[in-house]
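Asker: structural data only, the sequence is not supplied:
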């Protein structure tokens, strides 16, 4: 009870912008843990793990490109000998419009996924100790940095059932997929905007673009979308910090309610003024 | 007559430029600000000198990374000793994180052993908006002719962890070495990283 009161007081102090914000523990607004999809693992058989971030309402963490402010979390694995970690798979972000900035990130819950592969010669019967150090910055009106060691122990068996979990299925759905073959993706540069068109074969009314690289578009600018007979066209306001012409516009396109794809649009000049 | 027209056109252009906001390669917007000792500073006061602007919020973990490690103070000390004008700017609005009174700021400077040329208190955010400062820290460098030659991050490790300072490339250090030597800045724009600036809304 006393602990609750203390953290509430600290939280209030933080919101009031007093120096007590400095002492607000990250742990009171975010819970970070390591979770695995299977209950046991087998030699040589790839499986999924995730660093799970669970945030209190109003708090958020960041995508690879954090937008106007913030920085993405990092994970440093400590795995048993011979284990290989695949690269982190970031779910598609959402646009977080705060009082001061437009950021790209995650609120509520986020699973940062990675595939792990144990060595083929791993001896069944023991436990595999998976661990890592996770660092993050979680923000609301104020930001709090955090760092924790996460760990998980999984039994090693001769064979392990390949059962998927609802939690991981849901998380995998949010990982942007490569744009399918046959899509036509391009961008035209105009004075202040990139006109991004994506032809998938059918009209699309709504779409949201998240640039993989920073300082290419204005994060806060609306992205007016127009359905095309075979896709969608978005107008993206160029970043004021863009000094050189861009050869490519790379990013993640999200079609609500949540299908996400990685796209790489070659940028062509405005010289040929054909409206498509 | 023709000449008057030209002069007028040039004048109009010069007047219009600062309104376009801060863009590297262009003229740095002139500003007027009051420091934590009540003294007024204008950018034009420092013509002929290299000026650094550092957006600041003492409660922000990214700012703390560079102050608690002494990284920012070291940079301030090194370059002000070489004649560079270092203006720390605080654009937090009253009631927002990082807002300080002049007295609080002077105490902080003493405690942190921080020695910028001056700290401009910008609670209305006027200077912040002139430069479109987005984060704390957000760094700007202005050359002796008043041109903006660098804007962006302090270094290439966008984290809040002081352990990352050792292996980082400090963009401000490099840009100051180049500008004070009269050479062009190789990396003119980088993405600033940090907390959002707590402007009045």
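Answerer: The structure has been received and is ready for your questions. Every value quoted in this text rests on a predicted model; they were computed, and no experiment measured them.
Asker: for the closest residue to residue A:88 other than its chain neighbours, helix, strand, or coil?
Answerer: Leaving aside its sequence neighbours, residue A:88 sits nearest to residue A:114 (CB to CB, 6 or more residues apart in numbering or on different chains; 5.3 Å). C-beta coordinates here come from the backbone N, C-alpha and C atoms, glycine included. Under DSSP: H, G, I helix; E, B strand; the rest coil, residue A:114 falls in the strand class.
Asker: could you check how far residue A:114 is from chain B?
Answerer: Going from residue A:114 to chain B by CB to the nearest CB, to the nearest Å gives 20 Å.
Asker: who are the contact partners of the residue in the stretch 151-276 of chain A positioned nearest to chain B?
Answerer: Nearest residue of the stretch 151-276 of chain A to chain B: residue A:214, at 4.1 Å (CB to the nearest CB). Contact analysis of residue A:214 by CB atoms under 8 Å, 6 or more residues apart in numbering or on different chains lists A:65, B:191.
Asker: alongside chain A, which residues does chain B contribute?
Answerer: For chain B, the residues in contact with chain A (CB under 8 Å from any CB of the partner chain) are B:21, B:23-25, B:58-62, B:64, B:92, B:95-99, B:132, B:134-135, B:151-152, B:158-161, B:188-189, B:191, B:193-199, B:201.
Asker: what do you get if the cut-off is 6 Å, keeping everything else the same?
Answerer: Contact residues, chain B versus chain A (CB under 6 Å from any CB of the partner chain): B:59, B:61, B:96-97, B:134-135, B:158-160, B:189, B:191, B:193, B:195-196, B:201.
Asker: make sure the residue nearest to residue A:88 is actually in contact with residue A:84.
Answerer: No: Residue A:114 sits out of contact with residue A:84 when judged by CB atoms under 6 Å, with a separation of 10.3 Å.
Asker: around chain B, pick out the residues from the stretch 101-250 of chain A.
Answerer: So the stretch 101-250 of chain A meets chain B at A:101, A:137, A:142, A:143, A:145, A:214, A:215, A:241, A:243 (CB under 6 Å from any CB).
Asker: ok, now how distant is the fourth one from residue A:60?
Answerer: I take that to be residue A:143. According to CB to CB, to the nearest Å, residue A:143 and residue A:60 sit 10 Å apart.
Asker: low-confidence ranges, the stretch 51-200 of chain A, go.
Answerer: For the stretch 51-200 of chain A, no stretch has pLDDT under 70.
Asker: quick one, helices of it?
Answerer: For the stretch 51-200 of chain A, helices defined by DSSP state H, counting those that start in this stretch occupy the ranges A:166-173.
Asker: can you pull out the strands in it?
Answerer: According to DSSP state E, counting those that start in this stretch, the stretch 51-200 of chain A carries its strands in the segments A:60-67, A:74-78, A:84-85, A:94-97, A:102-107, A:109-117, A:127-139, A:143-155, A:177-178, A:184-189, A:193-199.
Asker: equivalent analysis for chain B, please.
Answerer: B:32-35, B:40-42, B:51-55, B:85-90, B:118-121, B:135-136, B:139-142, B:148-152, B:195-196 (DSSP state E).
Asker: for the longest one, packing partners?
Answerer: Applying 3 or more CB pairs under 6 Å, 6 or more residues apart in numbering or on different chains; DSSP states H and E, one finds that strand B:85-90 makes contact with strand B:51-55, strand B:118-121.
Asker: and among those strands, the most buried is which?
Answerer: strand B:51-55 (a mean of 25; mean count of other CB atoms under 10 Å in any protein chain shown).
Asker: starting from that strand, tell me which strands it pairs with and how they run.
Answerer: Using DSSP bridges, the strands paired with strand B:51-55 in its sheet are strand B:85-90 (parallel), strand B:139-142 (antiparallel).
Asker: now the residue nearest to residue A:246 when sequence neighbours are not counted, what are its backbone angles?
Answerer: Spatial nearest neighbour of residue A:246, chain neighbours left out: residue A:267 (5.1 Å); criterion: CB to CB, 6+ apart. Dihedral pair for residue A:267: phi -100, psi 130, per degrees, to the nearest 10.
Asker: which strand residues bridge residue A:267?
Answerer: Bridge pairing for residue A:267 - DSSP bridges - gives residue A:187.
Asker: what pLDDT does the model give it?
Answerer: The score at residue A:267 is 96. That number is its pLDDT.
Asker: that one: what's it in contact with?
Answerer: A:187, A:189, A:246, A:249 (CB atoms under 6 Å, 6 or more residues apart in numbering or on different chains).
Asker: ok, the first one touching residue A:198?
Answerer: Looking back up the chat, that one is residue A:187. No: Residue A:187 lies out of contact with residue A:198 (CB under 6 Å); the separation is 9.6 Å.
Asker: got TSV for the strands of the stretch 51-200 of chain A, with mean neighbour count too?
Answerer: Below are the strands of the stretch 51-200 of chain A laid out as TSV (neighbours: other CB atoms under 10 Å in any protein chain shown):
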stretch	mean neighbour count
strand A:60-67	24
strand A:74-78	15
strand A:84-85	14
strand A:94-97	18
strand A:102-107	22
strand A:109-117	20
strand A:127-139	20
strand A:143-155	17
strand A:177-178	12
strand A:184-189	18
strand A:193-199	21
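Asker: TSV for the ones you listed, including distance to residue B:123?
Answerer: Putting these into TSV (distance: least, CB to CB, whole Å) gives the following:
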stretch	distance to residue B:123
strand A:60-67	25
strand A:74-78	35
strand A:84-85	47
strand A:94-97	23
strand A:102-107	23
strand A:109-117	35
strand A:127-139	22
strand A:143-155	20
strand A:177-178	47
strand A:184-189	39
strand A:193-199	34
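Asker: which residues touch stretch B:154-169?
Answerer: A:71, A:137, A:145, B:61-62, B:65, B:69, B:71, B:137, B:139, B:170-172, B:193.
Asker: list the buried residues in it.
Answerer: B:154, B:155, B:156, B:157, B:158, B:159, B:160, B:161, B:162, B:164, B:165, B:168 (16 or more other CB atoms under 10 Å in any protein chain shown).
Asker: now, which of these sits nearest residue B:84?
Answerer: Relative to residue B:84, the closest of those is residue B:154; by CB to CB it sits at 14.9 Å.
Asker: who's residue A:76 bridged to?
Answerer: Going by DSSP bridges, residue A:76 forms beta bridges with residue A:133.
Asker: okay, it and chain B: tell me how far apart.
Answerer: 11 Å.
Asker: please, which helix or strand holds the closest residue to residue A:186 other than its chain neighbours?
Answerer: Distances taken as CB to CB, 6+ apart put residue A:265 closest to residue A:186, at 5.3 Å, once the chain neighbours are dropped. Using DSSP states H and E, residue A:265 falls within strand A:259-268.
Asker: how far off centre is that strand?
Answerer: Put simply, strand A:259-268 sits 17 Å off its chain's centre (CA atoms, centre = their mean, to the nearest Å).
Asker: now do the buried residues in it.
Answerer: For strand A:259-268, the neighbour count (16+ other CB under 10 Å) marks A:260, A:261, A:263, A:265, A:267 as buried.
Asker: tell me which two of those residues sit farthest apart.
Answerer: A:260 and A:267, at 21.3 Å, using CB to CB across these.
Asker: verify the stated contact: residue A:93 with residue A:105.
Answerer: Yes: between residue A:93 and residue A:105 there is a contact at 5.4 Å, judged by CB under 6 Å.
Asker: shared neighbours of those two, anything?
Answerer: residue A:63.
Asker: tell me the centre residue of chain B?
Answerer: Centroid-nearest residue in chain B: residue B:53, 1.5 Å away (criterion: CA atoms, centre = their mean).
Asker: thank you kindly, that will do.
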